[in-house]
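1. Give me the fold of what follows.
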Amino acid sequence: MDRIGLPQLEQSALFDQINFIVGIEHPLNATPRVASLPTLLCPSAPTPERIQLAKRSLATGAFLSNICEVAPSNYVGIFGTFEPGVGGDGMLFLNHALSFRDILDGSSTTLMVGERAFALGEATWTGAVTNAVIAPDGADGVGTGPPESASSLILSHSGDGYGPGDRRSHVNQFYSHHTGGVQFLFSDGHVSFVTNSLDYKIYQSLTTRAGGETISSDALQSQVRR
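-> Next comes the predicted model:
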């Protein structure tokens, strides 16, 4: 669970309920892990009040056992251009803290957080729940690809060849119910609507912090709107 962000969201009381010595799934965290945070929910996205996370086969997505319920979120961090793991080329990854000097590509052209509607895949603000696996549910014809590990509950990536909001995206990517694209938070703090017609190479370059790519303002002007 988030050790830093909750007080900054005026959720100090919730922060104080969390036992950081044990896992999210532990009974001692049963109350805080299902607390809804409206700030982290998109009003345009149908979202369940709670998510029942399960242990599944990473090979097939077959259900093995329930783990726990957690509160949802419609926003996930940018791991980078490949599947979330230990070290990413984006802004958010395991056990690392970055500063502005680490964003060599420029904070105004580097994505940090993006939308994920539950039509595509599950997400939570509470953290990567141990042994949890998310998989496409086939609803609404949205979402493809293999089951994904627990880190995908809080992180997304721009790999696999699909742009923002593509219905074929894997469950640990980005999707919204806004027509034509997805809302993203950039590393300088501004929020923009990134259209699903954005050139894929440009989209990938926006998800790296130090890839050395040059992105012209003309290339972005019609496809990224504040």
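2. Please report the distance of residue 65 from residue 57.
-> Using C-beta to C-beta, to the nearest Å, residue 65 is found at 11 Å from residue 57. C-beta here means a position set from N, CA and C on the backbone, and glycine is covered the same way.
3. do the same with residue 5
-> From residue 5 to residue 57 the distance is 32 Å (C-beta to C-beta).
4. Who has more neighbours out of residue 65 and residue 57?
-> Legend: neighbour count by other C-beta atoms under 10 Å for residue 65 and residue 57, higher for residue 57 (12 against 8).
5. surely residue 195 meets residue 202?
-> No. The pair residue 195 / residue 202 is not scored as a contact, 11.0 Å apart, by C-beta atoms under 8 Å.
6. Now the common contact residues for those two.
-> residue 223 (C-beta atoms under 8 Å, 6 or more residues apart in numbering).
7. what's the burial count for residue 120?
-> 29.
8. Give me the nearest residue to it, chain neighbours excluded.
-> Taking C-beta to C-beta, 6 or more residues apart in numbering, and ignoring the residues beside it in sequence, residue 120 has residue 175 as its nearest neighbour in space, at 3.7 Å.
9. Torsion angles phi and psi at the one you found?
-> Main-chain dihedrals, residue 175, degrees, to the nearest 10: phi -160, psi 150.
10. Residue 29 too?
-> When read as degrees, to the nearest 10, the backbone of residue 29 gives phi -110, psi 20.
11. I appreciate the help and will end here.
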